[in-house]
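Engineer: model the following, please.
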Amino acid sequence: MTGLVLLTAGTILTCAAGYILRGRKTANSRKILGGASAALLALITFALILTISPNLSAAAQTGAENTASGLGLLGASLATGLACLGAGIAVAVVGAAALGVVGEKPELLGTTLIYLGLAEGIAIYGVIVSLLILGKL
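Structural biologist: Got it, this is the predicted structure:
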């Protein structure tokens with residue numbers, strides 16, 4: 001409950017600070033943004049620790065039977081997350097190159113769409129692998 005109160009207070013304080021500073025011209029706006037981001041990250045971390053810590057003792061009593069399913073869920077989430085990250089990087093690079101090519105030769109639009117589809121296929125493979133992992137649990 002304390003963590004939820006901290007998260008709510010942090011959100012309200014961040015919105016209030018943004019409302020106060022929105023019309024003001026500051027010379028060091030990057031320092032203000034960096035400080036606010038660091039403070040918000042610290043507040044979120046502290047709130048999550050306070051929210052999760054009461055549940056840790058109850059989770060320790062359940063035993064090791066949940067370890068295998070937990071690692072399976074972790075593997076499925078990593079498969080999807082990392083595949084989507086790789087697909088995002090690939091689509092960014094291929095998309096930028098495709099825009100340049102289509103700008104010079106519009107007749108190559110179909111070819112560039114094929115390359116973009118191949119780059120997006122990486123994310124689909126990650127989702128398929130995570131579904132296979134979840135099917136084994």
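Engineer: can you pull the contacts of the spatially most central residue of the chain?
Structural biologist: Among the residues of the chain, the one closest to the centroid is Gly81, at 8.2 Å (Cα atoms, centre = their mean). Taking Cβ atoms under 8 Å, 6 or more residues apart in numbering, we find Gly81 in contact with Gly126. The way it works is simple: take the backbone N, C-alpha and C, and place the C-beta from them, glycine included.
Engineer: helix or strand for it, which one?
Structural biologist: Using DSSP states H and E, Gly81 falls within helix 65-104.
Engineer: in that helix, which residues are buried?
Structural biologist: Within helix 65-104, the residues that count as buried by 16 or more other Cβ atoms under 10 Å are Gly75, Ala76, Ala79, Thr80, Ala83, Cys84, Ala87, Ala90, Val91, Val94, Ala98.
Engineer: redo those as TSV? Include pLDDT.
Structural biologist: Below are the buried residues of helix 65-104 laid out as TSV (pLDDT from 0 to 100):
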residue	pLDDT
Gly75	87
Ala76	88
Ala79	89
Thr80	90
Ala83	91
Cys84	90
Ala87	91
Ala90	90
Val91	90
Val94	90
Ala98	90
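Engineer: these: which two are farthest apart?
Structural biologist: Spatial extent of the buried residues of helix 65-104 (Cβ to Cβ) is set by the pair Gly75 and Ala98 at 33.2 Å.
Engineer: residues contacting Ile124?
Structural biologist: Contacts of Ile124 by Cβ under 8 Å, 6+ apart: none found.
Engineer: next: Ala36.
Structural biologist: By Cβ under 8 Å, 6+ apart, the neighbours of Ala36 are Thr14, Ala17.
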